[in-house]
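>>> Build me a structure from this.
(one chain, ligands or ions: 1)
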Amino acid sequence: MFKSLPCLPEDPTFKLFNQFKADANPKKVNLGIGLYFDREGMPKVFDTVKKAVSELDVNNFNYLPIGGDREFLRLAGEFVFGEVFDPGRLAMQATCGGTQACRCFADLSLEVLHEREIQIAEPTWVNYHALFGAMKISRFNHCGEDGMVNAEAYYNAARNAPIGSAFLIQGGLAHNPTGVNLSLEQMEELIRILEERRMILFMDMAYLGFGEGIEQDRKYVQLCYEKLERFAVAISFSKNASMYEQRCGALFVKTVNGPCTESQLQKSIRETISTPPGFGQEVMANILKNYRQEWEAEVEAAREDIDWRRNQLVDRLPAEFMRVRETRGMFGLLPLSREQALRLREEFSIYILDNGRVNFAGVKACDLDYIAEGVRSVK
Ligand code: PLP
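Next up is the predicted model:
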């Protein structure tokens, strides 16, 4: 049985993480996988999360409804949409992290779109290719030669896409992997074209708060919600609450037909995980209800900390790396070739992705000089 079954390649990010863990070099540095470590390299658990976990109701672990906990969804919706939140105009679904929110949207698209096609700018989060694998994926360039976002490429992709198809965008400036993304002004132009072509915009908002701050990042969602007839947004509390393994996310879809749209989303959940995990929903509902200000201050501190680490590193690098200072969020691409990234790994045990992606939230203060020395040496 299964004798001839081919072994599939490991996920590149997790493979790199495993390589890092197996590396015996005491000076090894992990800048690969997108996890938030503190400046001493310890995993981060927010104080508000610890508090909410200590208050968890351990006397009831019964299934949540297939759609998720309505209180969690209301509070998460208020957080993501701010004052424009209107549950009467949204279908809401709790999901197993942001990943499943993407999949749920893909499943919905297969049901409702006339054109099962989605535009995706490259490079991007690699998992989209599998998550949207049942649709036709059309690719275009996220960045220009200068490493900055290529807004024209976005507009052209939208102009040339089939009417009624889908368009994916990561929300806010904290783009994975480049750390650069469309500004609010550029979004306005894209929205105009999408609306004209009756396309649905799917915004993957995995890093809300890590781009320009919670309030500013939220404006990307608000703008799309207000100006687009067809809009969906996926959110995740993996990063901004550092709850990675708890798999807490949600999908919000703008609709005039909430109950039927939700029934479609629930079909996708029922067929895959039956009901969404409750732990993260309960913790986030408690935080959003009782400790929101405190938690938002922690998110803000995390964002400032990432910016500090990025700047400290760039300060130690030659002029050609200066544009990395303009990146936002956990990630940025160092202008290094694949070979240079490999040399960094082999000669210095400094682990970055093959495309040069660095997780600034993995930079330890004590490693700054060593990382800079390695990068300078392979360049
Ligand atoms: N979207 C993007 C752009 C991501 O980078 C990630 C995680 O790395 C996700 C979605 C998925 O997040 P989650 O861990 O909540 O599933």
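>>> drop to CA atoms for contacts and neighbour counts, all remaining ones
Fine.
>>> What segments of the chain are helices?
For the chain, the helices defined by DSSP state H cover 12-22, 47-54, 70-81, 97-112, 127-131, 151-160, 184-196, 214-227, 258-272, 279-290, 292-315, 338-348, 368-378.
>>> Run a quick neighbour tally on Trp308.
Neighbours of Trp308 under the rule other C-alpha atoms under 10 Å: 15.
>>> One more: Gly332?
Close neighbours of Gly332, defined as other C-alpha under 10 Å, add up to 25.
>>> between the helices of the chain, which one is nearest to the ligand?
Closest approach to the ligand among the helices of the chain (C-alpha to the nearest ligand atom): helix 97-112, 3.6 Å.
>>> Apart from its chain neighbours, what residue comes closest to Ala94?
Once flanking residues are discounted, Ala94 sits nearest to Ala250: 4.3 Å by C-alpha to C-alpha, 6 or more residues apart in numbering.
>>> Can you tell me how far the closest residue to Pro259 other than its chain neighbours is from the ligand?
Residue nearest to Pro259 in three dimensions, not counting chain neighbours: Ala91, with 7.1 Å by C-alpha to C-alpha, 6+ apart. According to C-alpha to the nearest ligand atom, to the nearest Å, Ala91 and the ligand sit 19 Å apart.
>>> Go through stretch 185-194 and flag the buried ones.
Neighbour counts over stretch 185-194 (16 or more other C-alpha atoms under 10 Å) mark Met187, Glu188, Leu190, Ile191, Ile193, Leu194 as buried.
>>> Please disregard the earlier target; I meant stretch 371-379.
Buried residues in stretch 371-379, counted by 16+ other C-alpha under 10 Å: Ile371, Ala372, Gly374, Val375, Val378.
>>> ok, the first one - contacts?
I take that to be Ile371. Val29, Leu313, Ile350 (C-alpha atoms under 8 Å, 6 or more residues apart in numbering).
>>> Roughly how far does it sit from Lys27?
Here Ile371 is placed at a distance of 10 Å from Lys27 (C-alpha to C-alpha, to the nearest Å).
>>> Ok, the fourth one next?
In this structure, Val375 lies at 15 Å from Lys27, with C-alpha to C-alpha as the measure.
>>> Could you do Gly34 as well?
Using C-alpha to C-alpha, which is the criterion applied here, Gly34 is 20 Å from Lys27.
>>> Now do the contacts for Gly172.
Shown in contact with Gly172 (C-alpha under 8 Å, 6+ apart): Asn181, Leu182, Ser183, Met205, Tyr207, Leu208, Gly211, Glu212, Asp217, Arg218, Tyr220.
>>> Highest neighbour count among those residues?
Within the contacts of Gly172, most neighbours by other C-alpha under 10 Å means Leu208, with 29 neighbours.
>>> Isn't that residue up against Asn240?
Yes: under the criterion of C-alpha atoms under 8 Å, Leu208 makes contact with Asn240 at 6.7 Å.
>>> Which pLDDT value belongs to the residue most central in space within the chain?
Nearest to the mean C-alpha position of the chain, by C-alpha atoms, centre = their mean, lies Ala206 at 2.9 Å. pLDDT recorded at Ala206 is 98.
>>> So Leu313 sits against Ala372, correct?
Yes: between Leu313 and Ala372 there is a contact under C-alpha under 8 Å: 6.7 Å.
>>> how far away is Phe321 from Val84?
Computed as C-alpha to C-alpha, the Phe321 to Val84 distance reads 40 Å.
>>> again, but for His129
In terms of C-alpha to C-alpha, His129 sits 32 Å off from Val84.
>>> got it, and Phe202?
From Phe202 over to Val84 (counting by C-alpha to C-alpha), the distance is 18 Å.
>>> Up against the ligand, what does this protein have?
Near the ligand, the residues belonging to the chain are Gly97, Gly98, Thr99, Trp125, Asn176, Asp204, Ala206, Ser236, Ser238, Tyr244, Arg247, Gly249 when assessed by C-alpha under 6 Å from any ligand atom.
>>> Does the second one touch Glu245 like I think?
No: between Gly98 and Glu245 there is no contact under C-alpha under 8 Å: 11.8 Å.
>>> the more surrounded of those two?
Taking other C-alpha under 10 Å, Gly98 and Glu245 do not tie; Gly98 has more neighbours (26 against 10).
>>> Not counting sequence-adjacent ones, nearest residue to the more buried one?
Among residues not flanking Gly98 along the chain, Ser236 sits closest, at 4.5 Å (C-alpha to C-alpha, 6+ apart).
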